[in-house]
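In: Structure for the following, please:
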Amino acid sequence: MPPDARVEADLGGPDGSVVLERVHDALEKLWRAVDVGETDRIALETAVVEVAGNVLRHGNDDGGGHLLLRADEGSLVAEITQPGRPPQVDLDAAMPGADAESGRGLALTRMLVELTCSERDGATLWTLSRPRG
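Out: This next block holds a predicted model:
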């Protein structure tokens, strides 16, 4: 495996399905560049798609956004940047009950990866990291 594999994708555009297709394409490029176990691959893919979907659904209307995927010997990292300030979300919220119609995405993501949300240079940075198994 290369010491550090990197894949980037532009997440701008009005068509959410095209943006999510770019996310899937970027993940596929990463998996072709590095040998990653199935559990780690599924965990990162699920988490990245969930956060990217939330950014598309709940993000501001400024458009734009960027995805950076990195893999090294010890970890897998995804950074999703979106224009604007971070949303008011509780990253520590518990998984909602079975009757809830929403609210599972970030709770599920936190089960799969370490998740942080911060502000950098006037934009929101979502960082998802997972130690390689």
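
In: Residue 49 sits in which helix or strand?
Out: helix 38-58 (DSSP states H and E).

In: what's that helix packed up against?
Out: Counting contacts by 3 or more Cβ pairs under 8 Å, 6 or more residues apart in numbering; DSSP states H and E, helix 38-58 is packed against helix 16-33, strand 66-72, strand 75-83, helix 105-112, strand 123-131. For the C-beta atoms, the positions are set from N, CA and C on the backbone; glycine is no exception.

In: okay, these in CSV with distance to residue 9 next?
Out: Output for the helices and strands packed on helix 38-58, formatted as CSV (distance: least, Cβ to Cβ, whole Å):
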stretch, distance to residue 9
helix 16-33, 4
strand 66-72, 4
strand 75-83, 10
helix 105-112, 19
strand 123-131, 14
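
In: circling back: buried sites along the helix holding residue 49?
Out: Buried residues in helix 38-58, counting neighbours by 16 or more other Cβ atoms under 10 Å, are found at 40-41, 43-52, 54-56.

In: if I look at the residue positioned nearest the centre of the chain, how far off is residue 132?
Out: Nearest residue to the geometric centre of the chain (Cα atoms, centre = their mean): residue 48, 2.9 Å. Counting by Cβ to Cβ, to the nearest Å, the gap from residue 48 to residue 132 is 15 Å.

In: can you check residue 75 too?
Out: 6 Å.

In: Skip the chain neighbours and tell me the closest residue to residue 102.
Out: residue 96 (7.6 Å; Cβ to Cβ, 6 or more residues apart in numbering).
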